[in-house]
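[1] Got a predicted structure plus its sequence, pasted below:
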Amino acid sequence: MENLPGNLEKVVKSLSLPKQSKKARAKSWTLLAIEERGKIISIGRLKGLMIALVLTLVVVVVSVSSLLIIAKSASEENEGLRNALDISKKQVAALRDEKDLLMVRLVLAESGVEAGIEAKIEAGIEDKPADIGKKQKGEASGSLPDKSASIKTKPDTADVDKTVLLTGEKQPEEETTSAISAKLPNTSIKDFVVLFEPGSNILKVQFKIIKISPDSQPVSGHAFVILKDDEVDEDRWLTFPHVTLSSGKPSRYNKGQYFSIFRFKTVNFKAQYEADPERFNNAEVLVYNTTGDLLLEKSYPVTITKMVEDSLE
C-alpha cells in the first residue's frame, strides 16, 4: 500500500517557492488589510505614499511657520507705528499748549506795558507822544528858552518835600500792574468734552486745566463739573465728583479733584449712568484754590459723544 502523505510531503518540499532578493524585499512594501468577512486587501507602494505624506506635512509646517513669522513682524511694525503716532500726537498737543501759553503771556506783557505807560502819563512822569513830538520839533528848530522864566539857584523846600514823599510811596506803575494781575484769572479751561459708552453705560467728562498766570509758581486747587438739564431741581443734576450742592455750588470745595500744575493737566471724570444722558444740555466747570476761593466758573453747552467699543481690542 502506497504512503500517500509521505509522497505528498516530498512533492511539497521539492516545489518550494523562489526566494526574493534582499534588494527587492527592501524596495517593495505592501500593506495587507483584512475585512470582517476575512477578505484580504493589499495596498501596494506604501513607501511612496508615506514619503509623500511626510513631505506634505513638512511643507505645511514650514508654510505655517513662515506665515506666523510674517504676521508677528507685521504686528510688531504696526505697534511701533502706533506708538510713534501717539508720541507725535502728544508732541503736537504739547506744542499747541505751549503756543497758547506764550500767546497768553504776550498779551499779559503787552497789557502790563500799556498800563504802565498810561500810569506814567497820568502821573506826569512821562510825556504824551504828541508832547514828545512837539519838544523834539522845538529842539530841532533851535528855539530859545523863555527869558521871562526865572532861574532857581537853590532847591525849593516844597520840591524837596514832594521828592521825599514820592520816593517813599508806591509808584503808580506798580499799583496798576499789581491790580491788573489780581484781576486776571490764574487758570483756563480747554478741550471740554462729554463722552458716553452705551455698552457699559459709563459717562465720561474730560477737559484741560491750563495755567495762564505769568509767574513761575504752581497753581493748586480742586475742580468740579456739574451737568444740568432744564429743571431747576439740584437733585436731578449730576456732579463730578459726587458732592451735595448748596445754591448750585458744591458745599465742600475740598471734595473736588485735586490738581497742581505748572503748565496744564488733563482732568478725567467718569461714572456709571443708567439713564439717558441726552437730557443734559448744560455743563458748569468750577475751579477752587486750596483755600476755597473760586478761581474759575465757566459754562459749556453739552454735546454727548457716543463711543463705539473697538472689537479688535
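    Great, that's in hand.

[2] Name the single longest helix found in this structure.
    For the chain, the helix with the greatest residue count under DSSP state H is helix 46-123.

[3] name the helices or strands packed onto that helix?
    In this structure, helix 46-123 packs against helix 172-183, strand 202-211, with contacts taken as 3 or more C-beta pairs under 8 Å, 6 or more residues apart in numbering; DSSP states H and E. Yep, even glycine has a C-beta here, placed from its N, CA and C like the rest.

[4] Try it again at 7 Å.
    In this structure, helix 46-123 makes packing contacts with helix 172-183, judged by 3 or more C-beta pairs under 7 Å, 6 or more residues apart in numbering; DSSP states H and E.

[5] that older thread, strand 202-211 and the longest helix of the chain, what's the angle between them?
    Using axes from the mean of the first three to the mean of the last three C-alpha atoms, to 10 degrees, the interaxial angle of helix 46-123 with respect to strand 202-211 works out to 40 degrees.

[6] quick check: mean pLDDT across helix 46-123?
    Helix 46-123 shows a mean pLDDT of 84.

[7] Also stretch 268-280?
    Here the mean pLDDT over stretch 268-280 is 86, rounded to a whole number.

[8] Name the residues of stretch 252-264 that are buried.
    Applying a neighbour-count criterion of 16 or more other C-beta atoms under 10 Å, the buried positions in stretch 252-264 are 253, 256-257, 259, 261, 264.

[9] State the distance spanning the first to the last residue of that stretch.
    Using C-alpha to C-alpha, to the nearest Å, the gap from the first to the last residue of stretch 252-264 comes to 24 Å.

[10] any residues touching it, and which ones?
    Here stretch 252-264 makes contact (C-beta atoms under 7 Å, 6 or more residues apart in numbering) with 97, 101, 208-211, 218-224, 241, 243, 250, 265, 267, 288, 292.

[11] Quick one, which of the residues you listed are buried?
    Buried residues within the contacts of stretch 252-264, counting neighbours by 16+ other C-beta under 10 Å: 97, 101, 208-211, 219, 221-224, 243, 250, 265, 267, 288.

[12] from the residues you listed, which two are the most distant?
    Maximum pairwise distance among the buried ones among the contacts of stretch 252-264 (C-beta to C-beta): 30.7 Å, between 101 and 243.

[13] quick one on the thing from earlier: just to be sure, which of the buried residues of stretch 252-264 are found in strands?
    Among the buried residues of stretch 252-264, the members falling in strands are 257, 259, 261, 264 (criterion: DSSP state E).
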